[in-house]
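**Student:** Need a 3D model of the sequence below.
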Amino acid sequence: MRIRFGYVSTALSLWDCSPSKTMTFTRWKQLEKSDREQKLKEITKHNLKSTLRMIYYNLSHELHLYRMSSSIVPLATHPEVMWDFQSIFKRELAEIGRLVKMFHLRVSFHPNQFTLFTSDKEHISDNAVTDMKYHYHLLDGMGLANQSNINIHVGGAYGDKAEAVKRFHRNIKKLPENVKKRMTLENDDKTYTTEETLDVCKKENIPMVFDYHHHQANLGATGLTELLPSVFSTWDHFDIIPKVHISSPKSEKEFRSHADYVDLEFILPFLKLTKELGQDYDIMIEAKQKDKACLQLIEDISKIRGVKRIDGGTVEW
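**Tutor:** Below is the predicted model of the structure:
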């Protein structure tokens, strides 16, 4: 079994390297019309430069996974702003994509919690489509639209989970097929369990990103030993190995909150279970210390008897 590792958005080890600098719509309106586009360009240029810096950082550490920030382009989906960032930053986007393809990195996006398809309000579903298309256009500009994924949650229950799921299946039809093909779904820590998310994934032929921390916070009726092979099998048609999210609780009292680093003891039962399955997969670290937590966890796992570190970001067990 081989496991590769990566982290989310920002390499904290790098100076002034946030890929998520932004501006509010209120601030945008306060600017002179002649200054608005220039300010958007300045922020986007910084975010793309930071993203490129982190790609190089990841390559130097042999970290094979990276979740890019959803906030690279400020106000990209606001109906009064929406601007042609793809044409303006064609060269910068292509450069990021070139490196990703050259070194076979696995990159992804994870839109915010408001990108959902279970609401009974039509404008929320329409906004979700707009947001998913924005992420797809970013990938397309990088030349990565056919090899990367956009991950979201099923959504809210709104007092009737069965009806909400029906709305998901109905509303997801609004999503262009090329965008839906790059979509993944993740179990969450309060509403949709692993089993419930898996059921939606099977019906829509969508790969499932399994979150172990969320699973432990929101247990269903079926055990993980039975569920996990089915979760992994949702990736069979996707031509890429499964991906898993890993984090650990901040404390018993704040169980759902992510800790700064990942507690090896917390995730060890999951690691042992996957070893029995013999399934290769990728791990996205969702700890607060991001790249630092990722590198620390690789070190910790590498000390387990029988585990061999293949490179900076890969272990074999």
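
**Student:** What segments of the protein are helices?
**Tutor:** For the chain, the helices defined by DSSP state H occupy 25-30, 33-61, 85-88, 90-102, 122-141, 161-171, 177-180, 194-204, 212-217, 224-233, 264-277, 290-302.

**Student:** among these, which is nearest residue 72?
**Tutor:** Nearest to residue 72 among the helices of the chain is helix 33-61; the distance by Cβ to Cβ comes to 4.5 Å. The way it works is simple: take the backbone N, C-alpha and C, and place the C-beta from them, glycine included.

**Student:** elements contacting that closest one?
**Tutor:** helix 25-30, strand 65-67, helix 85-88, helix 90-102, helix 290-302 (3 or more Cβ pairs under 8 Å, 6 or more residues apart in numbering; DSSP states H and E).

**Student:** just to revisit the earlier point, in a markdown table: the helices of the chain, plus distance to residue 67.
**Tutor:** As requested, the helices of the chain are exported to a markdown table (distance: least, Cβ to Cβ, whole Å):
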| stretch | distance to residue 67 |
| --- | --- |
| helix 25-30 | 25 |
| helix 33-61 | 10 |
| helix 85-88 | 20 |
| helix 90-102 | 12 |
| helix 122-141 | 11 |
| helix 161-171 | 23 |
| helix 177-180 | 18 |
| helix 194-204 | 19 |
| helix 212-217 | 16 |
| helix 224-233 | 19 |
| helix 264-277 | 18 |
| helix 290-302 | 10 |
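
**Student:** worst average pLDDT in those helices?
**Tutor:** Of all the helices of the chain, the minimum mean pLDDT falls on helix 25-30 (a mean of 83).

**Student:** Residues touching it, excluding its own?
**Tutor:** 36, 39-40, 75, 78, 80-81 (Cβ atoms under 8 Å, 6 or more residues apart in numbering).

**Student:** Figure out how far it is from the centre of its chain.
**Tutor:** Its chain's C-alpha centre and that of helix 25-30 lie 29 Å apart, by Cα atoms, centre = their mean, to the nearest Å.

**Student:** Put the alpha carbons of it into PDB.
**Tutor:** The C-alpha trace of helix 25-30 is given here as PDB (Å, rounded to 0.1, in the frame of the first residue of the first chain):
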ATOM      1  CA  PHE A  25     -17.700  44.100  -3.100                       C
ATOM      2  CA  THR A  26     -18.200  47.100  -0.900                       C
ATOM      3  CA  ARG A  27     -14.600  48.100  -1.300                       C
ATOM      4  CA  TRP A  28     -14.700  47.500  -5.000                       C
ATOM      5  CA  LYS A  29     -17.700  49.900  -5.300                       C
ATOM      6  CA  GLN A  30     -15.800  52.600  -3.400                       C
END
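
**Student:** Adjust the sequence numbering to begin at 3 for everything that follows.
**Tutor:** In the new numbering, first residue 3, that becomes helix 27-32.

**Student:** Just the buried residues of that helix, please?
**Tutor:** The neighbour-count check on helix 27-32 (16 or more other Cβ atoms under 10 Å) flags residue 30 as buried.

**Student:** Over to stretch 208-222?
**Tutor:** Result for stretch 208-222 [16+ other Cβ under 10 Å]: buried residues 208-220, 222.

**Student:** Tell me the one of those residues nearest residue 199?
**Tutor:** residue 210 (6.1 Å).

**Student:** Can you tell me the centre-most residue of the chain?
**Tutor:** Geometric centre of the chain, nearest residue: residue 112, 3.7 Å, by Cα atoms, centre = their mean.

**Student:** Could you check the pLDDT of that residue?
**Tutor:** Reported pLDDT for residue 112: 97.

**Student:** Show the contacting residues for it.
**Tutor:** 10, 69, 72, 152-154.
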